[in-house]
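Peer 1: this one's sequence-less:
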């Protein structure tokens, strides 16, 4: 860097350090650039300045885009689905290939910049964006290739789940891939990967044969059972702690395209009865049957509803018998359970998860579904005139529990259900009363849970995150030390290096 540029950057840095954190990003972009760079934030949370020469050098190294505040596409890239998260990265890199990812990671590491990685943007806690750091937005790194003979799918790191379903099902093949088609493959898979087929075929990580990954030192590695096996172990449940996955290799399974699925809706005043039914029915269901239970109350004083959402992927002739107990629950408000194309079933709740409003969530895994939990739910679940309230049970067990707790980094193999509670509110309203309500409700439910889905990490303290990895934490910390000793990848359910 020449002397003039050094002096300009130093002046800009001095101004940045003098400003309170909240005002740092209010600096006029043009004025900051005129002073020799743009304001940014380090891994340690300190203000810094990225010099213009470095920005130009990074831009020249990319085939994809480098976006700064004010550029077309910047606001779309920085946003996540939870619109109550409104953060502004200093710069956004949109890679189109592995080299772009390596260059971006190296740039962030050398300057110790705060770094966020975004795939689908579904992180409830907003971990895929940041204030003042670099965001790597993988939305231009998408594609799925299927080998129907070997039953393998190769999936680029920024792909969405619906793309896997579409390409694999064209060959009569599937893998576990969530319940909302616009979810990012990366976030869902690396955290574990629940879905409508997980009880039958295991979690997404149980079908993951290998990954290609850019680690914190900028290396491009392959990890599978034979090559870099410790890294392969860590990415299966360790989230984004170990690098940016640019390619996933999934094993596929044959399955009929037509399944039986849909929603059956009842009045919420039957909640206790239906929760008791669900506890018994879901606990004894065959592995081919996946059933979620959803309690939902919308604003405006409308009566709430209780929904059973089913997906049966077993032999067609057995569907009526397996679903008969649900049919015997009495007359519903609505019933859409029917033969349906699996890819269409995977999209049926897409519009129910827009999150273009404020959202706050707490969740936990449960094993035995006890009566005391039902008491706590029916006593604490409340509707409200200004917010939506939901309590959701995602069906687990069966094949998920047949894998040892230490076989992958995901330790929660005992989970029969994932219990989620969330509130949503219009962005123009104060979030405080709605978040406070949910925290109060969760305080009565949490004693019935053990651990939580790391993909749903929000504002948990580090000690709680550590406890959540249970007996796998020491091994994970060693893997972290080897592949990310400076903790560059920290915006996640973070593992501290050993």
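Peer 2: The structure has been received and is ready for your questions. What you see is a predicted model, and the numbers here were worked out from it, not measured in a lab.
Peer 1: C-alpha only now, for contacts and for neighbours.
Peer 2: OK.
Peer 1: Okay, domains of this structure per the record?
Peer 2: Listed domain ranges for the chain are 3-139, 141-254+467-483, 258-454 (source: automatic domain parsing).
Peer 1: Comparing these, which stretch has the densest surroundings?
Peer 2: Counting by mean count of other CA atoms under 10 Å, domain 141-254+467-483 has the highest mean neighbour count of the domains of the chain, with a mean of 22.
Peer 1: what distance separates the start and the end of it?
Peer 2: 23 Å (CA to CA, to the nearest Å).
Peer 1: change the start of the numbering to 54 and stick with it
Peer 2: Taking 54 as the first residue, the last one we looked at is domain 194-307+520-536.
Peer 1: Could you dump the domains of the chain into CSV with mean pLDDT added?
Peer 2: Output for the domains of the chain, formatted as CSV (pLDDT from 0 to 100):
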stretch, mean pLDDT
domain 56-192, 83
domain 194-307+520-536, 98
domain 311-507, 94
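Peer 1: Of all the ones you listed, which one comes closest to residue 514?
Peer 2: Checking the domains of the chain against residue 514 by CA to CA gives domain 194-307+520-536 as the closest, at 10.2 Å.
Peer 1: how far does the closest one sit from the chain's center?
Peer 2: With CA atoms, centre = their mean, to the nearest Å as the basis, domain 194-307+520-536 stands 13 Å off its chain's centre.
Peer 1: can you check stretch 159-171 too?
Peer 2: The mean C-alpha position of stretch 159-171 is separated from the chain mean by 20 Å, CA atoms, centre = their mean.
Peer 1: hmm, who's touching it?
Peer 2: In this structure, residues lying in contact with stretch 159-171 by CA atoms under 8 Å, 6 or more residues apart in numbering are 93-98, 111, 180-183, 185-192, 269-271, 297, 541-544.
Peer 1: can you give me the end-to-end distance of it?
Peer 2: 17 Å.
Peer 1: can I get the domains of the chain in a markdown table with distance to residue 549?
Peer 2: Supplementary listing: the domains of the chain in a markdown table, determined by distance: least, CA to CA, whole Å:
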| stretch | distance to residue 549 |
| --- | --- |
| domain 56-192 | 13 |
| domain 194-307+520-536 | 6 |
| domain 311-507 | 14 |
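Peer 1: among the ones you listed, which is nearest residue 551?
Peer 2: Judged by CA to CA, the one of the domains of the chain that comes nearest to residue 551 is domain 194-307+520-536, at 4.8 Å.
Peer 1: how about residue 235, what does it touch?
Peer 2: 173, 213, 214, 215, 403.
Peer 1: Sorry, wrong one. I was asking about residue 309.
Peer 2: Shown in contact with residue 309 (CA under 8 Å, 6+ apart): 225, 366.
Peer 1: And it, how close does it get to residue 149?
Peer 2: The separation that residue 309 has from residue 149, given CA to CA, amounts to 34 Å.
Peer 1: just the contacts of residue 235 now: which is nearest residue 456?
Peer 2: Comparing those against residue 456 with CA to CA places residue 214 closest, at 23.3 Å.
Peer 1: what's the host helix or strand of residue 302 packed up against?
Peer 2: Per DSSP states H and E, residue 302 falls inside strand 297-304. Packing partners of strand 297-304 (3 or more CA pairs under 8 Å, 6 or more residues apart in numbering; DSSP states H and E): strand 205-209, strand 261-267.
Peer 1: Same list, those, but as CSV with distance to residue 525 please.
Peer 2: Shown next, in CSV, are the helices and strands packed on strand 297-304 (distance: least, CA to CA, whole Å):
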stretch, distance to residue 525
strand 205-209, 27
strand 261-267, 19
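Peer 1: Which residues does residue 312 form beta bridges with?
Peer 2: Counting by DSSP bridges, residue 312 forms beta bridges with residue 393.
Peer 1: and it, what does it touch?
Peer 2: 364, 365, 366, 367, 369, 392, 393, 394, 395.
Peer 1: Also residue 536?
Peer 2: Contact analysis of residue 536 by CA under 8 Å, 6+ apart lists 268, 269, 270, 295, 296.
Peer 1: circling back to that earlier point, now the contacts of residue 312 as a markdown table including distance to residue 253?
Peer 2: Shown next, in a markdown table, are those (distance: CA to CA, whole Å):
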| residue | distance to residue 253 |
| --- | --- |
| 364 | 11 |
| 365 | 10 |
| 366 | 9 |
| 367 | 9 |
| 369 | 15 |
| 392 | 19 |
| 393 | 18 |
| 394 | 18 |
| 395 | 14 |
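Peer 1: ok, these vs residue 526, which is closest?
Peer 2: Nearest member of the contacts of residue 312 to residue 526, counting by CA to CA, is residue 364, at 34.2 Å.
Peer 1: In three-state terms, label the residue lying closest to that closest one once chain neighbours are set aside for me.
Peer 2: Using CA to CA, 6 or more residues apart in numbering and skipping residues adjacent in sequence, the residue nearest residue 364 is residue 314, 4.3 Å away. State at residue 314, reduced to three classes by DSSP: H, G, I helix; E, B strand; the rest coil: strand.
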